[in-house]
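*Asks:* Below are the sequence and a predicted model; questions follow.
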Amino acid sequence: MRHALILFTLCLIGCAESPLFTSIGADFKSYVKMFDDLYSGSWPPIEIKFGQPSDASWAGECIQNEDGQKTIIIRETSWNKYCESQKRALIFHELGHCVLGRSHSTDTLSYMYPSELQCAFYDANKGTLDIELFK
Ligand SMILES: [Zn+2]
């Protein structure tokens, strides 16, 4: 009975997961959840996985196949050297492309600025950056 209860509890957690998150690698889910909590709109399921972005200098890329299905590719070597706020900024940047249709910004006070910035910069400007992304 105890085992059945544990299995049932695991299923409640695992099986009740939103379809939005089923194609998202475990490393990325917490950042996607943060994005989803801030974003008031709905968005289609997007796959997020480690891989090789098409440009050697990119840490991530949003690609769209012929069916319109969008996939975010994250370079694992970049990811592994990032602090938490850089990881968050990268996922928010790619979701900015894939979900919000945003293009790059020349303003460093935007997650759509195309280069990674210092962890302390993201930490100090988190509120402003969050507002700017969803404006
Ligand atoms: Zn970009």
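*Replies:* On my side now, so go ahead.

*Asks:* low-scoring stretches of the protein, by residue?
*Replies:* Applying pLDDT under 70 to the chain picks out residues 1-21.

*Asks:* Closest to the mean position in it, which residue would that be?
*Replies:* Computing the C-alpha centroid of the chain and ranking residues by CA atoms, centre = their mean puts Ile91 first, at 3.0 Å.

*Asks:* quick one, what contacts that one?
*Replies:* Phe28, Tyr31, Val32, Phe35, Ile48, Gly60, Ile72, Ile74 (CB atoms under 8 Å, 6 or more residues apart in numbering). Where C-beta positions appear, they are placed from N, C-alpha and C, glycine not excepted.

*Asks:* Show the contacting residues for Trp79.
*Replies:* Asp27, Phe50, Ala59, Lys87, Leu90.

*Asks:* and the residue nearest to the centre of the chain, that's in a helix?
*Replies:* Yes - residue state for Ile91 (DSSP: H, G, I helix; E, B strand; the rest coil) corresponds to a helix.

*Asks:* coming back round to it: most neighbours among the contacts of Ile91, please name it.
*Replies:* Ile72 (27 neighbours; other CB atoms under 10 Å).

*Asks:* hang on, the earlier thing: name the nearest of the contacts of Trp79 relative to Ser40.
*Replies:* Using CB to CB, Leu90 comes nearest to Ser40 of these, at 22.1 Å.
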